[in-house]
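Q: predicted model and sequence below, questions to follow.
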Amino acid sequence: DDLNEVNMRSTVALIATLALATPAVAADWNKPHINKGVLSKYKAKPPKVDLTEKDVEKLKAGKPVYKTIEAKSGGRGVAVFYVDATPDKVWKTIGNYPQYKNYIGEVKDIKVYEVAGNHHKVWFKVSSWGVKIEYFIDHIHNDKEKWTTWHLDYDKESDLGDSVGFWQLTPIDGGKRTQV
């Protein structure tokens, strides 16, 4: 596959690390989550991530850039990287949840359990550094603009206290590559 798996893995590792910062008790398909969200959800298009010239140089060298963006509930970690594939191909890969376990080693099992409009609800079973967690995510896709935001599905109890985030794709190099 043309996608740079190393960059995807580093991003997933960062997301998992940030999400682990707010652990909960135990995942349960039949119980509501212990809260309705500690972190502020993205309510529309994700924020623009400002990049310096030095950041762009690093990206062009094939390295991810880690930034902090300000939010109402404090700073949030964001990873930006380039992928050697078109935005359409990257978008199809991001939305192909069942395949995550085939190219992200930490994902041990995954299941799309509900699709309603632009909401895609997905159960994840992840194991990393000896820690095993299960969580339920509600992804909200914007196929036209190629971005998605996510937050926990608070109708199901996750092993995480909370999780919010986004993917945002920008074509670069005439649309031959993608900034994620």
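A: Received, thanks. Residues are numbered from 1 along each chain as shown.
Q: every contact and neighbour count from this point should use C-alpha atoms.
A: Noted.
Q: tally up the residues packed near K111, please.
A: 14 (other Cα atoms under 10 Å).
Q: the residue nearest to it when sequence neighbours are not counted: which element?
A: Once flanking residues are discounted, K111 sits nearest to W123: 5.2 Å by Cα to Cα, 6 or more residues apart in numbering. W123 belongs to strand 119-128 when assigned by DSSP states H and E.
Q: tell me what that strand is packed against?
A: strand 107-116, strand 131-142 (3 or more Cα pairs under 8 Å, 6 or more residues apart in numbering; DSSP states H and E).
Q: now that strand: buried residues?
A: Within strand 119-128, the residues scored as buried using 16 or more other Cα atoms under 10 Å are 119-127.
Q: could you do stretch 148-161 as well?
A: For stretch 148-161, the neighbour count (16+ other Cα under 10 Å) marks 148-161 as buried.
Q: counting neighbours, what do you get for the nearest residue to W147 once chain neighbours are set aside?
A: Closest residue in space to W147, ignoring its immediate chain neighbours: Q168 at 4.3 Å, by Cα to Cα, 6+ apart. The local packing of Q168 (other Cα under 10 Å) involves 21 other residues.
Q: P47: neighbour count?
A: By other Cα under 10 Å, the residues close to P47 number 12.
Q: show me the shaky parts of the protein.
A: 1-25, 71-74 (pLDDT under 70).
Q: mind listing the helices for it?
A: With DSSP state H as the criterion, the chain has helices at 5-20, 53-60, 87-95, 100-103.
Q: contacts for the last one?
A: Outside of helix 100-103, the residues within contact range by Cα atoms under 8 Å, 6 or more residues apart in numbering are 5, 107-110.
Q: do the third one as well
A: Judged by Cα under 8 Å, 6+ apart, the contacts made with helix 87-95 from elsewhere in the structure are 3, 83, 146, 169-171, 175-178.
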